[in-house]
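Asker: next input, structure requested:
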Amino acid sequence: MSRTLFLGPPSFDGFDGGAGSRYQARREVTSYWYPTWLAQPAALVPNSRLLDCPPHNLDIKQCLKECQEYDHVILHTSTPSLKNDSKVAEAIKSQKPSTLVGFVGAHAAVLPAETLKVSPAIDWVGRKEFDFTCKEVAEGRPLAEIDGLSYRRDGKVIHNRERELILNMDELPWVMDVYKRDLAIEKYFIGYLQHPYVSMYTGRGCPAQCSFCLWPQTIGGHKYRVRSAENVAAEMAYAKKLFPQVKEFFFDDDTFTANLPRAREIAQKLKPLGMTWSCNSRANVNYETIRLMKECGLRLLLVGYESGSEDILKRIKKGVTLEEMRSFTKACRELGVDIHGTFVLGLPIETPETIEQTIRFAMELDVFSIQVSLAAPYPGTELYEQARLNGWFSKKDKTDILQDDGLQQSTLEYPGLSKAQIYDAVDRFYRTYYLRPRPVLRIIKTMLEDKDVCVRRLREGWEFFRTLRERKHASATA
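Answerer: Residues are numbered from 1 along each chain as shown. Sure, this is the predicted structure:
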């Protein structure tokens, strides 16, 4: 068994590109998701280590010093970070040429040959679910014999046969021991989650067909494969003992509520633990299920509303109507469940009118907090293919989706709507939504209730408006 390091490489200042973030980019406020996609195989490989550089403020020099101690380094990469990550791989090889370097992640999964060709420092690429692929490489098996792996042989890229998706999710080890051993959990922040928090997966895949969503179309698949409720509850009981300081646990499944009977079963098993928890949800969960989950410790639902245009919702195959969203949001408000709503500008086929519809819809819903993202056409998604076929890309380089400072940039444009108009609408959306009495009063209320929250909100407020200023400057100089 080779000494293996699972690496979240250093990148842009404040870049959340870890194996858990859905949009690899710098956020409006300090935000870091847990590197669960790396922690899982790290739990499979004895004597391995997980090194997540961005949250721990480790620069390239410190990173390379740690890499010297390992024979095998596995980097999690993404479309926007690939060029940077390949430079890190080259630096690792330069100081220790014998190091075996592998790349995993959604970009590598759908473009394995292209990923290998980025740099000769990349020895192998893991496709689809790469947990056991990593384990078998670490065990020293010949690369040619490992399913789900692509590599070079005599200058030619070889693709081994596909690895089957994991059907029995209970066979995967828990990630909590890796978190405890290798991560300083206080370094991980999400604006709408209580701090400190811990996130994990109880299943992979999502039955929804949203055309822009990255993980189901690249790694997880559209079948929701889950761990048993008993297995989840046992790990949560263990996590609570391991991390007594944690104030909230987050289930980061693409859609935790995709299987409502199971969601209710897990909730009931969590109730005796007295935990506060939150999860990803579609905006179509019925009142009784929300009520039950609330009684069992649910605090917040992370909900993708995406757009206030019924036409756009149909085009992206959202599968939820505006009226269903209104009813769901009303139920959450009545039951005291907070919502962090996410919206995306620049989806097909955005117009100035649909942007205004979305802003008005968001204000009508008036959820606790929102996130506004730019449509990101990642390779492997239906949105990417639509943009390629219809000529919606605003740049020749279709994978150039970040600015030099790590913030998202608008990469799509439509007839009558330029990329600059889409980009500028994000700033206007945020200001229109948050600079109203009700959102301001909600934030002040949380600050008055807890001194630590007050300090945190002041920091986040400063970061938020600083980011908006940076966005405005970038737009003016584009």
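Asker: please count neighbours and contacts with C-alpha atoms only from this point.
Answerer: Will do.
Asker: wait, what's in contact with the residue sitting furthest away from the middle of the chain?
Answerer: Centroid-distance maximum for the chain: D154 at 36.2 Å, with CA atoms, centre = their mean. Listed by CA atoms under 8 Å, 6 or more residues apart in numbering, D154 has no contact partners.
Asker: which pLDDT value belongs to it?
Answerer: With respect to pLDDT, D154 scores 90.
Asker: relative to M275, how far out is it?
Answerer: Here the criterion is CA to CA, to the nearest Å. By it, D154 lies 55 Å from M275.
Asker: same thing with E90?
Answerer: E90 is 44 Å from M275, by CA to CA.
Asker: those two: who's more crowded?
Answerer: Higher neighbour count among E90 and M275: M275, with 20 against 17, using other CA atoms under 10 Å.
Asker: SS state for that one?
Answerer: Using DSSP: H, G, I helix; E, B strand; the rest coil, the structure places M275 in coil.
Asker: nearest spatial neighbour of it, chain-adjacent residues omitted?
Answerer: Closest residue in space to M275, ignoring its immediate chain neighbours: G297 at 5.7 Å, by CA to CA, 6 or more residues apart in numbering.
Asker: show me the contacts for the one you found.
Answerer: Contacts of G297 by CA under 8 Å, 6+ apart are 267, 270-271, 274-277.
Asker: what about the residue nearest to K128 when sequence neighbours are not counted, neighbour count?
Answerer: The shortest distance from K128 to any non-neighbouring residue, by CA to CA, 6+ apart, is to I219 (4.5 Å). Counted with other CA under 10 Å, residues neighbouring I219 total 21.
Asker: so I219, which of the three states?
Answerer: I219 is classified as helix under three-state DSSP.
Asker: do you know how far it is from L468?
Answerer: Distance of I219 to L468, computed by CA to CA: 33 Å.
Asker: run through the residues that contact E248.
Answerer: E248 makes contact with 193-198, 275-278, according to CA under 8 Å, 6+ apart.
Asker: one more time with 6 Å
Answerer: Residues in contact with E248 (CA atoms under 6 Å, 6 or more residues apart in numbering) are 194, 197, 276-277.
Asker: could you do Y224 as well?
Answerer: 204-206.
Asker: C-terminal to the helix or strand N84 falls within, what's the next element?
Answerer: According to DSSP states H and E, N84 maps onto helix 82-95. Using DSSP H and E, the helix or strand that directly follows helix 82-95 along the chain is strand 100-104.
Asker: and that following strand, what other elements does it pack with?
Answerer: strand 72-76, strand 124-126 (3 or more CA pairs under 6 Å, 6 or more residues apart in numbering; DSSP states H and E).
Asker: return the distance of the shortest one from the chain's centre.
Answerer: Relative to the mean C-alpha coordinate of its chain, strand 124-126 is positioned 21 Å out (CA atoms, centre = their mean, to the nearest Å).
Asker: one more: the first one?
Answerer: Strand 72-76 sits 19 Å away from the centroid of its parent chain (CA atoms, centre = their mean).
Asker: helices or strands up against it?
Answerer: strand 4-8, strand 100-104.
Asker: pull up the pairing partners for the last one, direction included.
Answerer: I take that to be strand 100-104. strand 72-76 (parallel), strand 124-126 (parallel) (DSSP bridges).
Asker: quick one on the thing from earlier: kindly calculate the angle that the helix holding N84 makes with strand 100-104.
Answerer: In terms of direction (axes from the mean of the first three to the mean of the last three CA atoms, to 10 degrees), helix 82-95 departs from strand 100-104 by 170 degrees.
Asker: tell me the secondary structure at the nearest residue to T446 once chain neighbours are set aside.
Answerer: Nearest in space to T446, with sequence neighbours left out and distances taken as CA to CA, 6+ apart, is V453 at 6.8 Å. State at V453, reduced to three classes by three-state DSSP: helix.
Asker: domains in this protein, by residue range?
Answerer: Taking automatic domain parsing as the reference, the chain has its domains at 4-159, 190-477.
Asker: next one: stretch 227-244 to chain centre, how far?
Answerer: Counting by CA atoms, centre = their mean, stretch 227-244 comes out at 22 Å from the chain centroid.
Asker: repeat that for stretch 301-310.
Answerer: Relative to the centre of its chain, stretch 301-310 is centred 17 Å away, using CA atoms, centre = their mean.
Asker: tell me where the stretch 51-200 of the chain has strands.
Answerer: Applying DSSP state E, counting those that start in this stretch to the stretch 51-200 of the chain gives strands spanning 72-76, 100-104, 124-126, 149-153, 156-159, 197-200.
Asker: buried residues in the strand or helix carrying L389?
Answerer: Per DSSP H and E: L389 is located in helix 382-390. For helix 382-390, burial by neighbour count (16 or more other CA atoms under 10 Å) applies to 382-384, 387.
Asker: now for the residue nearest to G203 when sequence neighbours are not counted, how many residues are close by?
Answerer: In space, G203 comes closest to V226 once its chain neighbours are excluded; the distance is 4.0 Å by CA to CA, 6+ apart. V226: 21 surrounding residues under other CA under 10 Å.
Asker: how about the one 5 residues further on?
Answerer: Look at N231: counted by other CA under 10 Å, it has 15 neighbours.
Asker: how far is stretch 223-240 from where the chain is centred?
Answerer: Distance of stretch 223-240 from its chain centroid, counting by CA atoms, centre = their mean, is 20 Å.
Asker: apologies, that question was intended for stretch 205-225.
Answerer: Centroid separation for stretch 205-225 versus its chain: 13 Å, with CA atoms, centre = their mean.
Asker: buried set for it?
Answerer: Neighbour counts using 16+ other CA under 10 Å place 205-206, 208, 210-222, 224-225 of stretch 205-225 among the buried residues.
Asker: repeat that for stretch 340-360.
Answerer: By neighbour count, with 16+ other CA under 10 Å as the criterion, the buried positions of stretch 340-360 are 340-351, 354-356, 358-360.
Asker: which of the buried residues of helix 382-390 sits closest to P437?
Answerer: Proximity of these to P437 (CA to CA) peaks at L383, which lies at 36.6 Å.
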